[in-house]
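J.: sequence plus the predicted model coming up.
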Amino acid sequence: MDRLQAMQVFVRVVDANGFARAADTLGLPRASVTTIIQNLEAYLGVRLLQRTTRRLNLTLDGAAYYERAQRILADIEEVEGSFFDEKRKPRGRLHVDMPTSIGRLIVVPSLCGFNTLYPDIELKLGMSDRPIDLIQEGVDCVLRVGDLPVSSSLVARRIGLLSRLTCASPAYLDRYGVPASPDDLALHKGVRKFTTQSSRLSEFHFTIDGESVERPIRSAIAVNDSEAYVACGLEGYGLLQPGRFMVLPHLQSGALVEVLAPWRPAPVPVHVAYPQSRQLSPRVRVFIDWIIGIFQGCPLLQGEDGLADCGKELMAASDESCTLA
């Protein structure tokens, strides 16, 4: 039995959550994939997978083997990649995680360019607004908004700066009035955010006399998803404080109106980060270089307030389809 191949097949079966899908991506007959897994389990003397008619479940031994196998395969690829000629395109699976708003509004509209440059990279894109454990969840790198903890185990590079603002729908402002200063928040309701890790609701932030100041506001509704956050503002539930890039088309159309402009919240940084315990594989390196280019090429993503051309392009709906290589 080729133990390296068996390890690769096992990891692909788990990732694909099925023998048939794994066989298709590996270019192997399904019967061969099944035999390889059976031989691997016999060799190790443990059951790795619990098979049902609908899905596969890892056993405790299978979960431990999967985690270690991922690391071993990543290490092998890094070693081999260090000897590749620079002209050889990186290949393999790349797992990246990022906030939903950045993924849908910035990254996904630009992915055709990445695929054209690196057609042999299979991108696995996770989008959520929750913190994740890169090692435990097998993620190669992440995009994160905000300051990283001092004790972070990640190697991080700041790639952007997102300006924020306070806004509301015209219907809400007609009903409750336009706040004249942050002190008027006592008369208003806000759309607030929370995370799956904490039930604490976000407060509103303003820059007053050069300092960032937190102001409480009554909740109209609280959500844990960035798209729902903006949607609630559009429906007139209350004031909100999104990133400018998230609401650019709504500001342009008048569906949302900025208020309290002299006291805008401080911009927040965007980082690309990866575990410090790992060397950069070629595919992670090229993704980081690519995403840095996307952010640095757009003033809107560098903290500038104007309706920059790049922002209009990023947010504009396109009728053109993208044919991936």
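T.: That came through, no problem.
J.: now the strands for this structure?
T.: Counting by DSSP state E, the chain has strands at residues 49-51, 56-58, 92-98, 121-127, 141-145, 154-162, 166-168, 189-193, 204-208, 211-215, 218-223, 257-259, 268-275.
J.: how far off centre is stretch 48-57?
T.: Relative to its chain's centre, stretch 48-57 lies at 29 Å (C-alpha atoms, centre = their mean, to the nearest Å).
J.: what's the first-to-last distance across it?
T.: For stretch 48-57, the first-to-last residue distance is 9 Å (C-alpha to C-alpha, to the nearest Å).
J.: one step back: in a markdown table: the strands of the chain, plus mean neighbour count, distance to Arg283 and mean pLDDT.
T.: In short, each C-beta sits where N, CA and C put it, glycine included. Output for those, formatted as a markdown table (neighbours: other C-beta atoms under 10 Å; distance: least, C-beta to C-beta, whole Å; pLDDT from 0 to 100):
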| stretch | mean neighbour count | distance to Arg283 | mean pLDDT |
| --- | --- | --- | --- |
| strand 49-51 | 15 | 27 | 85 |
| strand 56-58 | 15 | 25 | 86 |
| strand 92-98 | 20 | 5 | 89 |
| strand 121-127 | 15 | 5 | 91 |
| strand 141-145 | 22 | 10 | 91 |
| strand 154-162 | 17 | 16 | 90 |
| strand 166-168 | 25 | 39 | 98 |
| strand 189-193 | 23 | 33 | 95 |
| strand 204-208 | 18 | 37 | 95 |
| strand 211-215 | 12 | 38 | 93 |
| strand 218-223 | 16 | 34 | 92 |
| strand 257-259 | 16 | 40 | 97 |
| strand 268-275 | 20 | 12 | 90 |
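J.: out of the ones you listed, flag the one nearest Arg104.
T.: strand 121-127 (6.8 Å; C-beta to C-beta).
J.: okay, the angle between the closest one and strand 141-145?
T.: 30 degrees (axes from the mean of the first three to the mean of the last three C-alpha atoms, to 10 degrees).
J.: if I look at Trp290, how far off is Asp147?
T.: As defined by C-beta to C-beta, to the nearest Å, Trp290 lies at a distance of 24 Å from Asp147.
J.: burial measure for Gln296, as a count.
T.: Other residues within reach of Gln296, judged by other C-beta atoms under 10 Å, total 12.
J.: any weak-confidence spans in the stretch 151-300 of the chain?
T.: Scanning the stretch 151-300 of the chain for pLDDT under 70 picks out the ranges 151-152, 196-198, 277-279.
J.: thinking again about what came up before, between Trp290 and Asp147, who's got more neighbours?
T.: Trp290 (16 against 12).
J.: wait, doesn't the more buried one sit right on Phe114?
T.: Yes: Trp290 is in contact with Phe114 according to C-beta atoms under 8 Å; the separation is 5.4 Å.
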